[in-house]
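1. Show me the folded form of this:
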Amino acid sequence: MRTIILASNNEHKIIEFNEIFKDCKILSLKDIGFFDDIEENGLTFLDNAKIKAEATKKYTTKHNILGDIIADDSGLCVNSLNGEPGVYSARYAGGHGNFEECRRKLIENMKGKKDRTAYFTTVLYEIKNDGTILTADGKTFGEILEKETGKTDFCYDCIFYSNELNKSFGEATLQEKNSVSHRSRAIKNLLEKEQK
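-> As a prediction, this is how the structure comes out:
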């Protein structure tokens, strides 16, 4: 069975990878005993994904842990805000991961904006056991809502209206979201590259 080491401890990401890589063993950073903070100081999503993948590879090499490493960096890009929050999506309001504050700041910054179009993007960076490097990305398009709609437990989902689902990601089931999500599309694009 193929082992994939996901350079993350994000439960939502792990679930999404498990949904698509059904015949693989998915290990998180916690599963391999990696507890160091990885400083994501890149200027692009690809930069950050590469930083995470290389830090994980360094750890697995040192500890003789075998597996293909996949790192991702994702974010929300709003067209009328010149791509904000972008690579700063998780720390848009300051500290890392306080999405309630991030959503509040984004809704405030969108006041008076006629163009509310936005997209989620994911960039994947894979380092295979044999050293081969592959990258892939995926996007999903929609608009920023004026107020939270649906579940508020994950990122910007409750203020992102999906053009394809005709509802917010916060109102969508996991299966619905995965069918159009930026991450699932990036994973599928990566799989296509792996099979070439």
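2. Return the distance of the helix or strand harbouring N18 from the chain's centre.
-> In the assignment (DSSP states H and E), N18 maps to helix 11-20. A distance of 11 Å separates the centroid of the chain from that of helix 11-20, by C-alpha atoms, centre = their mean, to the nearest Å.
3. The next helix or strand after it - contacts with which helices or strands?
-> Past helix 11-20, further along toward the C-terminus, the next helix or strand under DSSP H and E is strand 25-27. Using 3 or more C-beta pairs under 8 Å, 6 or more residues apart in numbering; DSSP states H and E as the contact test, the elements touching strand 25-27 are strand 3-6, helix 11-20. All C-beta spots, glycine's among them, are computed from the backbone N, C-alpha and C.
4. picking up where we left off before, check which residues of the helix holding N18 are buried.
-> H12, K13, I14, E16, F17 (16 or more other C-beta atoms under 10 Å).
5. Let's have these in a markdown table, adding distance to S179 and pLDDT.
-> Output for the buried residues of helix 11-20, formatted as a markdown table (distance: C-beta to C-beta, whole Å; pLDDT from 0 to 100):
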| residue | distance to S179 | pLDDT |
| --- | --- | --- |
| H12 | 15 | 78 |
| K13 | 17 | 85 |
| I14 | 18 | 87 |
| E16 | 11 | 82 |
| F17 | 15 | 87 |
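6. Name whatever forms a beta bridge with the residue sitting nearest the centre point of the chain.
-> Compute the mean C-alpha point of the chain, and by C-alpha atoms, centre = their mean the closest residue is S74, 3.5 Å away. S74 forms beta bridges with T122, as assigned by DSSP bridges.
7. where does this structure have low pLDDT?
-> Under the criterion of pLDDT under 70, the regions of the chain flagged as low confidence span 97.
8. returning to that earlier point: show me what the helix holding N18 is packed up against.
-> In terms of contacts (3+ C-beta pairs under 8 Å, 6+ apart), helix 11-20 is packed against strand 3-6, strand 25-27, helix 174-180, helix 182-194.
9. May I have the phi/psi pair for S162?
-> phi -80, psi 120 (degrees, to the nearest 10).
10. what does the helix holding N18 contact?
-> Outside of helix 11-20, the residues that reach it under the criterion C-beta atoms under 8 Å, 6 or more residues apart in numbering are 4, 6, 8, 26, 28, 70, 72, 154, 174, 178, 181, 183-184, 187-188, 191.
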